[in-house]
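> Structure for the following, please:
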Amino acid sequence: MARYDAIIIGAGMSGLSAGIRLAMFDKKVLILERHNIPGGLNSYYHKKGRPFDVGLHALTNYAPKNARGAPLTKLLRQLRIPWDALRLCEQHGSEVRFPDVRLRFTNDFEVLRQQVHAAFPHAADRFDAFVRFVREYDDVSLDAPQVAARPVLEEKLGDPLLIEMLFCPVMLYGSAVEDDMELGQFCTMFKSIFLEGFARPEGGVRTIIKLLRDKYLELGGELKMKRGVRRILEEDGRVTGVEVEKVTGADAHVEALPPGEDAVLEAPVVISSAGYLETLALIEGATRPTDDEFPVGKLSYMETILVLDRQPRDLGIDQTIVFFNDSPRFHYRAAEDYADLRSGVICASNNFAHVTDPLPEGILRVTSLASWDRWSALARPEPYASVKQRWHDAQVDALLRYVPDVRPNVVFSDCFTPRTVHHFTRHLRGAIYGAPKKVRTGLTPLNGLFICGTDQGFLGIIGSMLSGISIANARVLQPAAQGASHASS
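Numbering: from 1, shown residues only. All right, here's what the predicted structure looks like:
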């Protein structure tokens, strides 16, 4: 029977980062990934010979090389990955667009500050004070209390429209809560989007995944693809390992393991990036929390990707990312119909500066809130395929309210729905950002079992990697070091 110091469920950003951190300290680590490509929520695929990113519009938390104290700098130091290896290209500029007001922003925060002062002169001083509050707020503590953000913004900013315009990008890029957000998570996303900004690695999400995977393997970590976890094993309230299954095909078909491969793997530590409720469901006999104690996430998305015969900037689309909303009130709730096209995100994947190796074709992505209930109820292949095409077309129509008519330039398109999200992440209800309640400590009812990633609560690409690092440090490496210290004394 194979034995490890730690087993990690999921080869997404958080799982790979946790694996790197543990392997650095000579832990024997195994990462199990049920799909054939790592990355989880932020992965990639090929269709008709074209490469597509999933999840990643841009890397938030941009920081210049050697920027002191920045999350990106801390992350790279913890993983021992050089800044240059990311090949980061900064955004040209993005905007939050409501019917009567636009707020443009770049990686220079002063641009947004001046935009807010011009559009909301009566709230200028309060906005500056609010920014100071956000800068000073401790949003990374594993033990921080969870506080709702909306009452704080209402008290500190006052102006309803300004509040909605700030919530729009922050929620769309990170909130698992309908019409609100946990304050620490709001501060994390505000800093990452507005105070630090956007960049894109040349090569897209593949660049980050390859760096993480190669670093992990270089340190001696083991990675098994197409291996799902059937059960998390425990004895007397403590994790003892996992039972593994082989997963193949688009429908996640389970097959017998190859001869000679152990189905049961032992480890005193298991770190899961599968989600809190999803992880508890793998423990035989575990009591699932009630919906009041730990509700399932409701927020999922559909996205249409358009491949163009020229670059978006050649068609008059200069912004990198546009967060749009068609009324003064931003409605951030699970869609009642298949998708809610009143708001969303438009990303021009090549609208980043200093790209030396641009995508050969133009890419536009438009993302909208969607309904898990509607999409999951459809039979496949029909009517799922035809409904998907109809909403793809409707999503393109919504896009054309904000950009020139690109339809004559479309050479290929693709679309994903909440069912796609569920298939590749196993998140209940296809909830992109997991459950609305986060477990910042990473602790579970089972000793030795910890969670990282979406339901631990650090947000974005950088946040996901920091989540894996934080849990590895706080729950495995530091206790081990303390135990060694006590033993030697």
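
> now Ser343, what's its secondary structure?
strand (DSSP: H, G, I helix; E, B strand; the rest coil).

> thinking it is in contact with Asp326, fair?
Yes - Ser343 is in contact with Asp326 according to CB atoms under 8 Å; the separation is 6.9 Å. In this view, the C-beta of every residue, glycine as well, is placed from N, C-alpha and C.

> more neighbours, the two?
The neighbour count for Ser343 versus Asp326, taken as other CB atoms under 10 Å, is higher for Ser343 (23 against 17).

> Bridged to the more buried one, which residues?
Asn325 (DSSP bridges).

> What segments of the stretch 301-450 of the chain are strands?
321-325, 339-348, 362-370, 410-416, 449-451 (DSSP state E, counting those that start in this stretch).

> measure Ala296 to Ile193 for me?
In this structure residue 296 is Val, not Ala. 26 Å (CB to CB, to the nearest Å).

> before we move on, what about Asp125?
22 Å.

> Without its sequence neighbours, what residue ends up closest to Pro201?
Thr207 (3.9 Å; CB to CB, 6 or more residues apart in numbering).

> May I have the residues that are in contact with the one you found?
Leu86, Arg87, Pro201 (CB atoms under 8 Å, 6 or more residues apart in numbering).

> sec struct for it, please.
helix.

> the strands in the stretch 51-200 of the chain, which residues?
Counting by DSSP E, counting those that start in this stretch, the strands of the stretch 51-200 of the chain are 88-90, 94-97, 102-105, 199-201.

> Would you format those strands as JSON lines with mean neighbour count, distance to Pro289 and mean pLDDT included?
Putting those into JSON lines (neighbours: other CB atoms under 10 Å; distance: least, CB to CB, whole Å; pLDDT from 0 to 100) gives the following:
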{"stretch": "strand 88-90", "mean neighbour count": "22", "distance to Pro289": "40", "mean pLDDT": "94"}
{"stretch": "strand 94-97", "mean neighbour count": "24", "distance to Pro289": "36", "mean pLDDT": "98"}
{"stretch": "strand 102-105", "mean neighbour count": "19", "distance to Pro289": "39", "mean pLDDT": "98"}
{"stretch": "strand 199-201", "mean neighbour count": "24", "distance to Pro289": "38", "mean pLDDT": "94"}
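
> Give me the residue ranges of this structure where confidence is low.
Applying pLDDT under 70 to the chain flags the ranges 250-251, 355-359, 481-489.

> can you list the domains in it?
6-51+206-294+436-488, 94-196, 298-425 (automatic domain parsing).

> so how far is Ile363 from Asp388?
Not Asp; residue 388 is Lys. 20 Å.

> Same list (the strands of the stretch 51-200 of the chain) but as a markdown table, adding distance to Asn36.
A markdown table is the format used below for the strands of the stretch 51-200 of the chain (distance: least, CB to CB, whole Å):
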| stretch | distance to Asn36 |
| --- | --- |
| strand 88-90 | 28 |
| strand 94-97 | 33 |
| strand 102-105 | 38 |
| strand 199-201 | 22 |
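
> of all these, which lies closest to Arg429?
Relative to Arg429, the nearest member of the strands of the stretch 51-200 of the chain by CB to CB is strand 94-97, separated by 27.4 Å.

> follow-up on the earlier one: Val296 and Ile193: which has the busier surroundings?
Ile193 (27 against 16).

> The more buried one touches Leu172, doesn't it?
No - the pair Ile193 and Leu172 does not pass the contact test of CB under 8 Å, sitting 9.9 Å apart.

> centre of the chain versus the longest helix anywhere in the chain, how much separation?
In the chain, assigned by DSSP state H, the helix with the most residues is helix 384-399. Relative to its parent chain, helix 384-399 has a centroid offset of 24 Å by CA atoms, centre = their mean, to the nearest Å.

> Stretch 91-102 too?
22 Å.

> same check, this time on stretch 66-77
19 Å.

> What lies in contact with it?
61-63, 82-83, 86, 192, 196, 462-463, 465-466, 469.

> Flag every buried residue along that stretch.
Ala70, Pro71, Leu72, Thr73, Lys74, Leu75, Leu76 (16 or more other CB atoms under 10 Å).

> can you check stretch 103-112 too?
Buried residues in stretch 103-112 (16+ other CB under 10 Å): Leu103, Phe105, Thr106, Asn107, Val111, Leu112.

> hang on, the fifth one packs against Phe105?
Yes - because the distance of 5.6 Å satisfies CB under 8 Å, Val111 is recorded as touching Phe105.

> what is in contact with those two at once?
Gly93.

> Save the strands of the stretch 301-450 of the chain as a markdown table, and put in distance to Pro404 too.
Formatted as a markdown table, the strands of the stretch 301-450 of the chain follow (distance: least, CB to CB, whole Å):
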| stretch | distance to Pro404 |
| --- | --- |
| strand 321-325 | 13 |
| strand 339-348 | 12 |
| strand 362-370 | 11 |
| strand 410-416 | 13 |
| strand 449-451 | 44 |
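
> okay, those, which one's buried deepest?
When neighbours are counted by mean count of other CB atoms under 10 Å, the highest per-stretch mean among these falls to strand 449-451, a mean of 26.

> All the helices of the stretch 201-350 of the chain, residue numbers only.
205-218, 276-280 (DSSP state H, counting those that start in this stretch).

> Find the one among those with the highest mean neighbour count.
Ranked by mean neighbours (mean count of other CB under 10 Å), the helices of the stretch 201-350 of the chain are led by helix 276-280, with a mean of 22.

> Give me the nearest residue to Ala480, chain neighbours excluded.
Here the residue nearest Ala480, using CB to CB, 6+ apart, is Phe25, at 8.0 Å.

> on that earlier part again, mind listing what's buried in the longest helix of the chain?
Across helix 384-399, burial judged by 16+ other CB under 10 Å covers Tyr384, Lys388, Trp391, His392, Ala394, Gln395, Val396, Ala398, Leu399.
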